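In: sequence below, structure please.
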Amino acid sequence: PHTPTQGGGHQYLCTGTCNSTGIEPMAEAINRTNNPVSEVRILNKILTWTISSGRHCIEVEPDPRHVEIILQDLELNKTGTKPVSTPGIKQNIEDATAETPELDSKKSTFFRSVCMRANYLAQDRMDIQYSSKEVARHMAAPTQQAVEKLKRLGRYLKGHQRVVCQYHFQPPPAKLTTFS
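Out: Modelled structure (predicted):
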């Protein structure tokens with residue numbers, strides 16, 4: 001597969017197959033061009049390869065611009081907005097069954113737009129996947145209650161704007177044990 005990379009103001013296109021060491025051959029090939037590269041942007045994700053605790057690893061970080069846009073759209077980027085520690089809260093029976101009026105057409109479109117941006121971000125952010133899915137349940141008929149859930153998710157993102165997942169290279173297993 002083709003893997004586009006950028007570094008030092010130059011663009012590279014590396015082709016080939018992945019082997020057991022993953023992205024290292026690509027990094028070595030680019031570094032031989034006297035333009036050291038430690039970061040690759042692919043499909044709105046930032047991939048970096050580093051040495052952490054003496055071991056090579058790949059770090060994957062979703063593009064933080066999506067969080068910034070969500071905060072701006074929900075008007076949570078102001079200095080007085082307090083972040084929360086969880087992206088959602090357990091809903092009690094009364095709130096779940098409460099009848100709230102649907103939003104008008106313009107507000108519904110706005111809700112769907114922000115909701116889907118959060119859903120896109122959730123593909124790479126395990127911490128917001130469940131809350132994003134719960135907010136998306138209201139896509140067909142958004143209500144003010146759904147907007148409050150979305151704002152709760154936004155306040156969580158305000159306090160947790162960047163999340164990086166590290167994948168350390170591991171040696172192939174010598175033995176595979178399965179149970180049936």
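In: what helices or strands is the longest helix seen in the chain leaning on?
Out: The longest helix of the chain (DSSP state H) is helix 105-122. Under the contact criterion of 3 or more C-beta pairs under 8 Å, 6 or more residues apart in numbering; DSSP states H and E, helix 105-122 touches helix 65-73, helix 129-136, helix 144-159. Any C-beta I mention is one placed from the backbone N, CA and C, and that applies to glycine too.
In: same thing but 10 Å
Out: The helices and strands touching helix 105-122, judged by 3 or more C-beta pairs under 10 Å, 6 or more residues apart in numbering; DSSP states H and E, are strand 55-62, helix 65-73, helix 129-136, helix 144-159.
In: next, the angle from the third one to helix 144-159.
Out: Spelled out, it's helix 129-136. Helix 129-136 and helix 144-159 are oriented at 150 degrees to each other (axes from the mean of the first three to the mean of the last three C-alpha atoms, to 10 degrees).
In: helices or strands next to helix 129-136 in the packing?
Out: By 3+ C-beta pairs under 10 Å, 6+ apart, helix 129-136 packs against helix 105-122, helix 144-159.
In: need those helices in CSV with mean pLDDT and mean neighbour count, can you?
Out: Conversion of the helices and strands packed on helix 129-136 to CSV gives the following (pLDDT from 0 to 100; neighbours: other C-beta atoms under 10 Å):
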stretch, mean pLDDT, mean neighbour count
helix 105-122, 95, 17
helix 144-159, 95, 20
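In: I'd like those as a markdown table, with distance to Thr178 appended.
Out: Formatted as a markdown table, those follow (distance: least, C-beta to C-beta, whole Å):
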| stretch | distance to Thr178 |
| --- | --- |
| helix 105-122 | 32 |
| helix 144-159 | 38 |
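In: where in the protein is pLDDT low?
Out: Flagging of the chain using pLDDT under 70 yields the residue ranges 1-55, 93-97.
In: try 90
Out: In the predicted model, the chain carries pLDDT under 90 at residues 1-64, 78-80, 88-101, 124, 164-173, 176, 180.
In: report the secondary structure state of Asp124.
Out: coil (DSSP: H, G, I helix; E, B strand; the rest coil).
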